[in-house]
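Q: Sequence first, predicted model second:
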2 protein chains.
Amino acid sequence: MKKIFILYFFLSLTPFYSQKQPNIIVFIVDDMGWMDTSVPFTDTAYPLNKQFHTPNMERLAKTGTKFTNAYATPICTPSRVSLLTGMNAAHHKVTNWTMPHRDRNSDQSDEQFEAAEWNINGLNPSGDVPRSVQANPLPELLKNEGYYTIHAGKAHFAPNGTPGSNPENLGFMINIAGTGAGRPLSYLGQENYGNIDGKAHNVHAVPGMTEYFGSDLYLTEALTQRALNSLKTPIHRKEPFFLYLSHFAVHDPYEADERYLQKYLDAGLERVEAIYASMIEGMDKSLGDIMDFLEENEIEENTILLFISDNGGLSMAPPRGGTENTQNFPLRAGKGSVYEGGIRVPMIVKWNGVTEPSSDYHQPVIIEDFFPSILQMASIKPSNIIQSVDGKSFIPLLKKPQLKKEDRLLIWHIPNKWIAKDNLGINYRSAIRKGEWKMIYNMRDGSNELYNLTTDIGEREDLSSKYPDRVKELSILLSERLRKWKSPMPIIKLSGVEAPMPDEVYKN
Amino acid sequence: MKKIFILYFFLSLTPFYSQKQPNIIVFIVDDMGWMDTSVPFTDTAYPLNKQFHTPNMERLAKTGTKFTNAYATPICTPSRVSLLTGMNAAHHKVTNWTMPHRDRNSDQSDEQFEAAEWNINGLNPSGDVPRSVQANPLPELLKNEGYYTIHAGKAHFAPNGTPGSNPENLGFMINIAGTGAGRPLSYLGQENYGNIDGKAHNVHAVPGMTEYFGSDLYLTEALTQRALNSLKTPIHRKEPFFLYLSHFAVHDPYEADERYLQKYLDAGLERVEAIYASMIEGMDKSLGDIMDFLEENEIEENTILLFISDNGGLSMAPPRGGTENTQNFPLRAGKGSVYEGGIRVPMIVKWNGVTEPSSDYHQPVIIEDFFPSILQMASIKPSNIIQSVDGKSFIPLLKKPQLKKEDRLLIWHIPNKWIAKDNLGINYRSAIRKGEWKMIYNMRDGSNELYNLTTDIGEREDLSSKYPDRVKELSILLSERLRKWKSPMPIIKLSGVEAPMPDEVYKN
């Protein structure tokens, strides 16, 4: 009988949602390029790896696994929706960034094409918002299984005027500062993060940070403090948490994080690049604060940390400094492009007992893989979710790095006009990667490019004329996917029909 | 052995925080007067009770207890801080409303007095904010014991630029729309609740309601939907919740709740009063939605509902219609005044198994009583809280209505200049109620008024000359409290010393 009482006492203190489930933190940076770090994701360091200082990314990489072939989409909203739904952007059809207000199309006008029928209203939980994708978002699935779910920072999943603009409608219990806006009006506490009485109101003013108004806290620091503060509750309650810490940095406006600016000016960087580097290091400091907090609270062993960026670094100059399209060197182009500079992103995962310290992982992964991977980390097998998931869990590969999936297809699709003037790999492109090969399709003229990423990560040598059969094969594979997903395509103004699929115009 | 397994199975499904603790909802209305309802809080209905339609307050009163002698302070922030701390306003020293930005004094300038040293920075959790009161806020104590705590609507506990401006720093896990602002810039979804791009930014723009931008949802309705949505998580998790639903209504700006306006225009009310009545009925609809939600989710039996306003109805005209100081008739004056019109508020409590249906409760209670009462409802006996609590739990009296506490002292203290021109009972007053007697002290000239509230609820007949001994007794009692609490007093410019305590100038 005594045993029963002991059992009773013990069990009555056991929470329903066992802390055996690991805590999970997604640390996602905005517009951070693959080279914007002192952690090289290549075999050898490049000059940019020496220009940027990210000691806490180095610290994380030493305890976890670097993903050297990690991808997002070329633009923010598509990546973020992919992460939350597990769907490829060509499938969820949020192929461009969503405007701050609903029913508006961010596509530029074009002489050749009418805009594609993409989901301009982003990700929404209910069926009554037209032109939006419905799905069971990742945080909802985690919350339903007992996770304490927190959103901090940039949301940009859907425009204001729709439920999806508020992370609290996407399964996040707590929302810190997230709206339909994709950038902050100001990073500065002195400017109330854009909330200045009497000045013109702007949808990019950051809400919900009132306690720091008038202070000298840079937004990155303020968001970190708020996020860590919100973790105290699940820690006290011994509940697993899911923190999605989504920094506005390093998106424009380029405003110095004064804590770090001078050292980059002293190093001789031109002012805007010094500012940019200070924003990077402020972001890195946040990562360090997170790791310190986990250690101080003795939960670092049971907390998985996933670091990623939402697309490549911006390579337009101005607003960036230097020569256009060199900002992600050796990668070609930058944000918006289907070249590697626009889609290849820094990614590190630390999971005690699973990831090897200081290890590298070379298999290609893409941002929609976060969805099944995180569910697997949480031991959740979702049933009855409405979307069909394209992402693949990278956990089996983590546990057995010798596994190779050479037949894995990665797809990018942006049937949109992101900027007014076409640029390297930007506007109306699709791309496919299989193994070491990558093909790019240009909807404007039906042309293709082919690169071998193992020998030519910079995509300098177009091999399409040399390997026509491979171009044909990839055109067919890409077209099959796009057809299956009913992916949006732009409309040719002259004929009123959709731009052709790659395999329709491929000329052998 | 089989029994043990059954026990084990059962217990392993039992949450740590047992749902035996009741859910608690504080439904607090802003600036709602004692007569702004079709529920009479007097023995007989007055004309205003016929003017206003609040069917859901009637419904609540039928299932619960009406408090006919319930009080708040004359102004919003002092009441709200009292509710969260259990301290009398003269004790926590937040005696006037806090400005939207820190370190600013809302007191008007005055020829006779320098401003008192009141806590212009409101309620703050940490010690590093000067001129603010530190306390363990009610939601923090509830959260620490497993409650899921939600703030929705007007916060106004402290100015922006201080932690207390954000309810998430005061123990609320979820904050919907609360900041240091005391009113909304707009109640209209069509106006994005004040967030219109290009218009002058204003601190009163309501944050965090992006999903309703451009809709026709009145703010009261939008807040209700958000609050109910947030309750789904604790209900799913079988955790007790504390919802503090704090409507901006019926504070100005007076903007019609179009769902209800026409009926009041048809009834012949002047436009601004019809608008006001529509705002009251919109608030009442929210109350009904809450009750419906509790029933639909089968939690109405285990959910305690407390209804109150934060001060009396505004009786300045304009902005109100009609003749000045008649808006709370038969009570004298209105918001800002220590006359009954400024401090007596509608209050209803429903607690299944404790409150008698359709019962009245006549003992005086005051808003700081919510703190110990709610803790007792939750079976929480706080230890190590830093503030000394002035409020008294009204639960013993609820359970034994025959108990009478005639010696209970209620104190009001506003050593401030709220409006530029003194008006009935407004600016530089203290007041004390003991039993049926109420004395008012005027700091300007040391004069006193005395009323018998049983025979003269309208405070028309000053009995101070008739009962000098009672004035003396109440002056002494009031002064003892103010001295004990070190309550702020205005400074006489001519002498540079504080205005005298009531017992120092009392002339027998």
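A: Now that the structure is in, tell me what you want to look at.

Q: Neighbours of A:Leu84, how many?
A: By other Cβ atoms under 10 Å in any protein chain shown, the residues close to A:Leu84 number 29. In short, each C-beta sits where N, CA and C put it, glycine included.

Q: mean confidence for whichever strand or helix holds it?
A: Per DSSP states H and E, A:Leu84 falls inside helix A:76-85. Helix A:76-85 shows a mean pLDDT of 98 in the predicted model.

Q: Equivalent analysis for stretch A:326-333, please.
A: 97.

Q: do the same with stretch A:299-307
A: 97.

Q: Dump it to CSV, keeping only the CA atoms.
A: The C-alpha trace of stretch A:299-307 is given here as CSV (Å, rounded to 0.1, in the frame of the first residue of the first chain):
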residue,chain,number,x,y,z
ILE,A,299,18.2,22.7,-20.4
GLU,A,300,20.8,22.8,-23.1
GLU,A,301,21.0,19.1,-23.3
ASN,A,302,17.3,18.7,-24.0
THR,A,303,17.0,21.7,-26.4
ILE,A,304,17.4,21.3,-30.1
LEU,A,305,18.7,24.4,-31.9
LEU,A,306,18.2,24.9,-35.6
PHE,A,307,19.8,27.9,-37.3
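
Q: got the contact list for it?
A: Stretch A:299-307 is contacted from outside by A:19, A:22-29, A:57, A:60, A:64, A:235, A:287, A:290-291, A:294, A:346-353, A:370, A:374, A:377, using Cβ atoms under 8 Å, 6 or more residues apart in numbering or on different chains.

Q: What residues of that stretch count as buried?
A: By neighbour count on 16 or more other Cβ atoms under 10 Å in any protein chain shown, the buried set for stretch A:299-307 is A:Ile299, A:Glu300, A:Asn302, A:Thr303, A:Ile304, A:Leu305, A:Leu306, A:Phe307.

Q: Stretch A:242-258 now?
A: In stretch A:242-258, counting by 16+ other Cβ under 10 Å, buried: A:242-252, A:254-257.

Q: Out of the residues you listed, name the two that are farthest from one another.
A: A:Phe242 and A:Ala256 (32.1 Å; Cβ to Cβ).

Q: ok now stretch A:181-188, how far from the chain's centre?
A: For stretch A:181-188, the separation from the chain centroid amounts to 17 Å (computed by Cα atoms, centre = their mean, to the nearest Å).

Q: Start and end of it, how far apart?
A: Counting by Cα to Cα, to the nearest Å, you get 17 Å between the two ends of stretch A:181-188.

Q: Can you confirm whether that stretch lies near chain B?
A: No. Judged by Cβ under 8 Å from any Cβ of the partner chain, stretch A:181-188 makes no contact with chain B; its nearest approach is 8.6 Å.

Q: Quick check: buried residues in that stretch?
A: Using 16+ other Cβ under 10 Å as the test for burial, stretch A:181-188 gives A:Ala181, A:Gly182, A:Arg183, A:Pro184, A:Leu185, A:Ser186, A:Tyr187, A:Leu188.

Q: Also stretch A:124-139?
A: Result for stretch A:124-139 [16+ other Cβ under 10 Å]: buried residues A:Asn124, A:Pro125, A:Val129, A:Arg131, A:Ser132, A:Val133, A:Gln134, A:Ala135, A:Asn136, A:Pro137, A:Leu138, A:Pro139.

Q: What is the nearest of the residues you listed to B:Pro500?
A: When these are compared for distance to B:Pro500 (Cβ to Cβ), A:Pro139 wins out at 59.9 Å.

Q: mind checking how far the closest one is from A:His151?
A: According to Cβ to Cβ, to the nearest Å, A:Pro139 and A:His151 sit 7 Å apart.

Q: Overlap of the contact sets of the two?
A: Listed as contacting both A:Pro139 and A:His151 by Cβ under 8 Å, 6+ apart are A:Pro167, A:Leu170, A:Phe172, A:Tyr244.

Q: which two from those end up farthest apart in space?
A: Taking Cβ to Cβ, the two most distant members of the shared contacts of A:Pro139 and A:His151 are A:Leu170 and A:Tyr244; they sit 9.9 Å apart.

Q: if you skip the residues just before and after it, what's nearest to the residue of the stretch 301-450 of chain A at minimum distance from chain B?
A: As assessed by Cβ to the nearest Cβ, chain B sits closest to A:Ile380 within the stretch 301-450 of chain A, at 15.1 Å. Excluding the flanking residues, the one nearest A:Ile380 by Cβ to Cβ, 6 or more residues apart in numbering or on different chains is A:Glu145, at 5.2 Å.

Q: what's the neighbour count on the residue of the stretch 101-250 of chain A at minimum distance from chain B?
A: Nearest residue of the stretch 101-250 of chain A to chain B (Cβ to the nearest Cβ) works out as A:Pro207 at 3.6 Å. Counted by other Cβ under 10 Å, the residues lying close to A:Pro207 total 23.

Q: now do the one 10 residues further on
A: Burial of A:Leu217 is recorded as 20 neighbouring residues (other Cβ under 10 Å).

Q: next one: phi and psi at the closest residue to it other than its chain neighbours?
A: Distances taken as Cβ to Cβ, 6+ apart place A:Gly189 nearest to A:Leu217, at 4.4 Å, with adjacent residues excluded. The phi/psi pair for A:Gly189 (degrees, to the nearest 10) reads phi -60, psi -40.

Q: isn't there a strand covering A:Val349?
A: Yes. Under DSSP: H, G, I helix; E, B strand; the rest coil, A:Val349 sits within a strand.

Q: Isn't it up against A:Ala61?
A: No. Between A:Val349 and A:Ala61 there is no contact under Cβ atoms under 8 Å: 10.1 Å.

Q: Where does pLDDT dip in chain A?
A: Chain A contains residues with pLDDT under 70 at A:1-19, A:507-508.

Q: dump the residue contacts of A:Tyr71.
A: With contact taken as Cβ under 8 Å, 6+ apart, A:Tyr71 is in contact with A:Ile343, A:Arg344, A:Val345, A:Pro364, A:Val365, A:Ile366, A:Ile367, A:Leu410, A:Trp412, A:Arg433.

Q: Next, count neighbours for the closest residue to it other than its chain neighbours.
A: Distances taken as Cβ to Cβ, 6+ apart place A:Ile366 nearest to A:Tyr71, at 4.5 Å, with adjacent residues excluded. By other Cβ under 10 Å, the residues close to A:Ile366 number 27.

Q: quick one, helices of the stretch 101-250 of chain A?
A: For the stretch 101-250 of chain A, the helices defined by DSSP state H, counting those that start in this stretch occupy A:138-144, A:219-237.

Q: Nearest to B:Trp34, out of these?
A: helix A:219-237 (37.7 Å).

Q: which strands and helices sit next to the closest one?
A: Judged by 3 or more Cβ pairs under 8 Å, 6 or more residues apart in numbering or on different chains; DSSP states H and E, helix A:219-237 is in contact with strand A:148-153, strand A:174-176, strand A:241-246, helix A:271-296.

Q: 6 Å instead, please
A: Applying 3 or more Cβ pairs under 6 Å, 6 or more residues apart in numbering or on different chains; DSSP states H and E, we find helix A:219-237 packed against strand A:148-153, helix A:271-296.

Q: which residues are in contact with it?
A: Here helix A:219-237 makes contact (Cβ atoms under 6 Å, 6 or more residues apart in numbering or on different chains) with A:148, A:150, A:152-153, A:174, A:176, A:184, A:187, A:193, A:209, A:212, A:241, A:245, A:247-249, A:282-283, A:286, A:289, A:293, A:297, B:173.
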